[in-house]
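Novice: Quick one, fold the following:
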Amino acid sequence: MKSQQTTQTMKPATAAKKLGVYLEATPAEFQEGVVSRAELDQLQASPPEWLRELRAKGPHPRPVVAARLGVSIAGLARGGVTEPLTTEQIDALKQERPEWLEKERATQAEVRKEAERIKQRNAERG
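Specialist: Residues are numbered from 1 along each chain as shown. Here you go, the predicted structure:
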């Protein structure tokens, strides 16, 4: 008896998330199809022009926007940022340094510091 290997596939939304791009900004053929694990690996290894362009200029999904601004996704929402942003818009926010952004960055720094403290404590306990 021969086992038949099936190809792992994922929805376009999952693939876009793994690629770190905003699904609605991807080409129609990407949005309408399914993506196999091999296709995803190929896209990551040698990204086509549309993928390079999206990663460089956006629009970017919230996790990418949050990471580039140094805040949490919840911090974005508290700051009123609910839509995807382009790299240009992210850079403009970094230049403007609105009060909410400074506050959220400070909050994020405290969260990281606390996580490091807990990690150290757990390491000392063995």
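Novice: Mind jotting down where the strands sit in this structure?
Specialist: 9-10, 35-36 (DSSP state E).
Novice: winner for burial among those strands?
Specialist: strand 35-36 (a mean of 18; mean count of other Cβ atoms under 10 Å). All C-beta atoms are positioned from the backbone trio N, CA, C, and that covers glycine.
Novice: Tell me the strands beside it, with direction?
Specialist: As defined by DSSP bridges, the strand partners of strand 35-36 come to strand 9-10 (antiparallel).
Novice: Could you give the number of residues near residue 25?
Specialist: A total of 19 residues lie near residue 25 under the criterion other Cβ atoms under 10 Å.
Novice: give the contact list for it.
Specialist: When contacts are counted by Cβ atoms under 8 Å, 6 or more residues apart in numbering, residue 25 touches 54, 58, 59, 84.
Novice: can you do 7 Å?
Specialist: Residue 25 makes contact with 54, 59, according to Cβ atoms under 7 Å, 6 or more residues apart in numbering.
Novice: quick one: which of the strands of the chain is nearest residue 22?
Specialist: In terms of Cβ to Cβ, the element of those nearest to residue 22 is strand 35-36, at 15.5 Å.
Novice: Residues contacting that closest one, please?
Specialist: Applying Cβ under 7 Å, 6+ apart, the external contacts of strand 35-36 come out as 7, 8, 9, 10, 12, 15.
Novice: on that earlier part again, now tabulate the strands of the chain in TSV and tack on distance to residue 79.
Specialist: What follows is the strands of the chain, written out as TSV (distance: least, Cβ to Cβ, whole Å):
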stretch	distance to residue 79
strand 9-10	31
strand 35-36	32
